[in-house]
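Colleague: Take this sequence and fold it.
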Amino acid sequence: MKQDLSYHRKSYEKKSMKFEDLKDNPLEQFRDWFLQAEECDGVDEANAMSISTIGLDGFPRTRVVLLKRFIDEGFIFYTNYDSQKGKALLENPKISASFFWPYLEQQIIIKGIAEKTSENTSDGYFDTRPRGSQIGAWVSQQSSVIEENEDLEAEVKELEKKYEGQEIPRPEHWGGFIIKPVEIEFWQGRPNRLHDRVRYVLQEDFDWKKERLAP
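Modeller: Predicted structure coming up:
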């Protein structure tokens, strides 16, 4: 199979990004861009982010997860700790995350260290999940190989009956990670591939160094 994609291209012309207009703290700049994306009709699931980890086999692996919270310390998402990404991060906490909003011609790339959130934080979010999603966290042995005829729906019904009229507890194998950033890059598409790029790098004194990058 052969297909030439050489002529697939788009000219980015909607916006520009001025270095001096960006905030000194990248978390504050992220908040501004994220709120714009969330309010934009042309952006679906503004909180969808691609995260890349180094797997136990030594290969990088990327998948899309949902950002559930961002605070001064970093970016929080939730997963099964026994999944491929969970095991990878517990072995090697270095992580990259990115947001791409084609309608706005914007991208944000985050490099950081992932840590488990506190049990209270994980419990608090788990309690807000729909009941079906709570049961799903118990049923799914995420990323594991399962038998072709394994009846997950039957397991769901069994747990629904077990917890009927009761609160569903959070499984110990399920919870949050917080990405504590050490570098954040903001990218704005521009005509002729002369894109605007600004990178923030965390310094030893915990201040951020802001620098412009060549497109």
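Colleague: buried set for the longest strand seen in the chain?
Modeller: Counting by DSSP state E, the longest strand found in the chain is strand 174-188. Residues 174-181, 183-188 are the ones in strand 174-188 that count as buried (16 or more other Cβ atoms under 10 Å). Backbone N, C-alpha and C define where each C-beta goes, glycine included.
Colleague: try stretch 72-86
Modeller: For stretch 72-86, by 16+ other Cβ under 10 Å, it's 74-86.
Colleague: do stretch 2-9 as well
Modeller: Buried, per 16+ other Cβ under 10 Å, within stretch 2-9: nothing.
Colleague: if we can go back for a sec, what lines up beside the longest strand of the chain in the sheet?
Modeller: strand 74-80 (antiparallel), strand 106-116 (antiparallel), strand 196-202 (antiparallel) (DSSP bridges).
Colleague: Could you tell me the average pLDDT over that strand, please?
Modeller: Averaged over strand 174-188, pLDDT sits at 98.
Colleague: now do stretch 198-215
Modeller: On average, stretch 198-215 scores 97.
Colleague: quick one: it to chain centroid distance?
Modeller: What separates the centre of stretch 198-215 from the centre of its chain is 21 Å, taken as Cα atoms, centre = their mean, to the nearest Å.
Colleague: end-to-end on that stretch?
Modeller: Taking Cα to Cα, to the nearest Å, stretch 198-215 runs 10 Å from one end to the other.
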